[in-house]
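Novice: after the sequence you'll find the predicted model.
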Amino acid sequence: MQRAENLDVTRTSPRRARAMLGLVRPSFRLLHRTALVLLVGVCLGLVTPLLSVEATGPDSNQSGIIAAARDPLPPGSTAVVQADGDCLRVRPDASLTGTPLACVPSGSTALVLPLTRDADGYRWQFVTASGVTGWVADAYLAPAGSTPTPTSPSPGSSVSTGSLGTAACVSAVAPIKPGLNTTLSPNGVNLALWGGGTMNALNTATEAQGCRITAIYANRPGGGGLVPYLIGVPDFVNAEWQSTFAGGRIPAGTALMLLCASTGTQATVDVPTTIQAAAAPTATQAPRKIGLKPAPQVTASSVAVIDGESGALLFDKNANTPRPPASLTKIATAILAVEGTEAAAGVTVDVDGPRMAATNGSSIMGLRPGECYSVRDLLYGLMLPSGNDAAVAIAKYEAGSELAFVKQMNTMVKRLGLNGTFFTDPHGLGSAQHKSTAYDLAMMARYGMTLPLFREVVGTPQRITAGSRGLALYNTNSLLQRYPGVDGVKTGFTEEAGRTMVVSAMRNGHRVFVALLDDPNREDSAVALLDWVFQNYQW
């Protein structure tokens, strides 16, 4: 997979700028090929005989358009897509709007055609890639030969039949659906059958329906009456509940009586009128700064560096400014799945990953309709190759629909006390309203890393699934191998969001989180910030 550290990137505008590696000097054969391409372009009306490039008008510099630090790639040359393990969208016009024609996987090659335009903060290059001709953001192309070709299989390629197999996976499908198998009345007493998960998952599911739990009564396993759980009382009052449901998980099939008080409103995916910045938590044991060295200058638009133990904000650069998070959204999706499902449960999917990749530019795990995989496999497909198909499959399985799942996502972030985030989908390909902050994402990751299964998944470099097919999954987080102590969390990328990342690192028993939004040098920035924290703070 291609990595951002292979790029020489320089920020030259408030939004973002990308500087790529040096140009490839065409050989005589390449010059001949270029001439043919130019001739075809003239005949098709794509270029004038003088090869003038379309301008965007005298006010171009006022709209945040990139002043690219390198010249366009030579027409007729071959470029390599560098999309950090995701794919790069080929568009019908030089713009972020419109439906993509295709999504070209990272590491693929493209033939550079003789036309460029500046729009929406990018220089756009006309190319032919994967049999499709259209526009791509030039910032995510590099000259062929400047970076190694990835050797890992493309998303969705199977290396074998799954070791579990379809039949065994289907037999593991839970007889009871996840979540609450009823619609709740927000006031009064409700009877529900719980699909399994933690108390936090139960709170999220109920509050998404407008119910604030005041008390719970559960069937005692094996019969013999009810076990109560009362809200707002000392722990010893709920000692029987805690011993009955050790580890905090309530088994699937448990009958519950829920006493609800209305929250005043149900969770929604309607556009919020405002997004409030989250207040930093009270740090009782924050590390003490002992060094005099200032924080490194980084190219991210937003940064938050968080101490894992106290939640203290150690470094802040626009940390509470809402921005598109891209696939960092999947941190929230994974938390909900870990809390609200059984990892071993089989899931028969109705999601077509390759079609998603072709139609909306999704990065995918490679799911096909009718296949079966465990929730654990879907989590790996979600967090390693950043599968949007896995996100949709998880959402439909846990909540019945993407809409219902997104309501739970927005409820969950409020449960964590985070007010700068609003989700509209479970994967991050997202609408204009789909935003989060560096601070919120770091704090979500901080919570996620307290969950053993979440921690296991995001710290795994590669995995082969055990369901219908053995899909080869590779983690897009290169810092797992590059930086000692890194054990998660997630990367993301879209043209709108730029490169994004949340990373967790441990040293001497202390954990630090770095969240970066819109950073062309995200890996290098993360390394510099981690070095600075570990060298200049004392716990």
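Specialist: Nice, I can see it.
Novice: what's the spacing between V90 and G121?
Specialist: Computed with CB to CB, to the nearest Å, the distance linking V90 and G121 is 18 Å. Yep, even glycine has a C-beta here, placed from its N, CA and C like the rest.
Novice: so for these two, which residue has more residues nearby?
Specialist: Each of V90 and G121 has its neighbours counted (other CB atoms under 10 Å); V90 has more, 23 against 20.
Novice: three-state assignment of the more buried one?
Specialist: Following DSSP: H, G, I helix; E, B strand; the rest coil, we place V90 in the strand state.
Novice: same check on G467?
Specialist: coil.
Novice: neighbours of it, just the number please.
Specialist: Using other CB under 10 Å, G467 has 29 neighbouring residues.
Novice: where does the residue most central in space within the chain land in three-state SS?
Specialist: Closest to where the C-alpha atoms of the chain average out (CA atoms, centre = their mean) is S327, at 1.9 Å. Under three-state DSSP, S327 falls in the helix class.
Novice: for it, what are its contacts?
Specialist: D86, S363, S386, H427, G428, K490, T491, G492, F493, T500 (CB atoms under 8 Å, 6 or more residues apart in numbering).
Novice: list the contacts for the closest residue to S171 other than its chain neighbours?
Specialist: In space, and not counting its chain neighbours, S171 is closest to G346: 7.1 Å by CB to CB, 6 or more residues apart in numbering. Counting by CB under 8 Å, 6+ apart, G346 touches C169, V170, S171, A172, V173, A174, C372, Y373, S374, G467.
Novice: can you put the contacts of S327 in JSON lines and add pLDDT?
Specialist: Listed next are the contacts of S327 as JSON lines, based on pLDDT from 0 to 100:
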{"residue": "D86", "pLDDT": "69"}
{"residue": "S363", "pLDDT": "87"}
{"residue": "S386", "pLDDT": "94"}
{"residue": "H427", "pLDDT": "96"}
{"residue": "G428", "pLDDT": "93"}
{"residue": "K490", "pLDDT": "98"}
{"residue": "T491", "pLDDT": "96"}
{"residue": "G492", "pLDDT": "94"}
{"residue": "F493", "pLDDT": "92"}
{"residue": "T500", "pLDDT": "97"}
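Novice: okay, and which of these map to strands?
Specialist: The strands, defined by DSSP state E, take in K490, T491, G492, F493, T500 from the contacts of S327.
Novice: now the last one: closest residue in space, sequence neighbours ignored.
Specialist: In this case it means T500. Per CB to CB, 6+ apart, closest to T500 is G492, 4.0 Å.
Novice: go ahead and confirm the one you found touches R499.
Specialist: Yes - contact criterion CB atoms under 8 Å: G492 and R499 qualify, at 7.5 Å.
Novice: and the helices in this protein, which stretches?
Specialist: 28-44, 166-171, 199-207, 239-244, 330-340, 353-360, 375-383, 388-399, 402-415, 438-448, 452-458, 479-482, 522-536 (DSSP state H).
Novice: show the average pLDDT along the fourth one.
Specialist: Averaging pLDDT along helix 239-244 yields 91.
Novice: on that earlier part again, save the helices of the chain as JSON lines, and put in mean neighbour count and distance to R288 too.
Specialist: Formatted as JSON lines, the helices of the chain follow (neighbours: other CB atoms under 10 Å; distance: least, CB to CB, whole Å):
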{"stretch": "helix 28-44", "mean neighbour count": "14", "distance to R288": "59"}
{"stretch": "helix 166-171", "mean neighbour count": "15", "distance to R288": "51"}
{"stretch": "helix 199-207", "mean neighbour count": "23", "distance to R288": "32"}
{"stretch": "helix 239-244", "mean neighbour count": "13", "distance to R288": "36"}
{"stretch": "helix 330-340", "mean neighbour count": "27", "distance to R288": "29"}
{"stretch": "helix 353-360", "mean neighbour count": "19", "distance to R288": "48"}
{"stretch": "helix 375-383", "mean neighbour count": "28", "distance to R288": "34"}
{"stretch": "helix 388-399", "mean neighbour count": "27", "distance to R288": "40"}
{"stretch": "helix 402-415", "mean neighbour count": "22", "distance to R288": "30"}
{"stretch": "helix 438-448", "mean neighbour count": "28", "distance to R288": "20"}
{"stretch": "helix 452-458", "mean neighbour count": "19", "distance to R288": "27"}
{"stretch": "helix 479-482", "mean neighbour count": "16", "distance to R288": "26"}
{"stretch": "helix 522-536", "mean neighbour count": "21", "distance to R288": "10"}
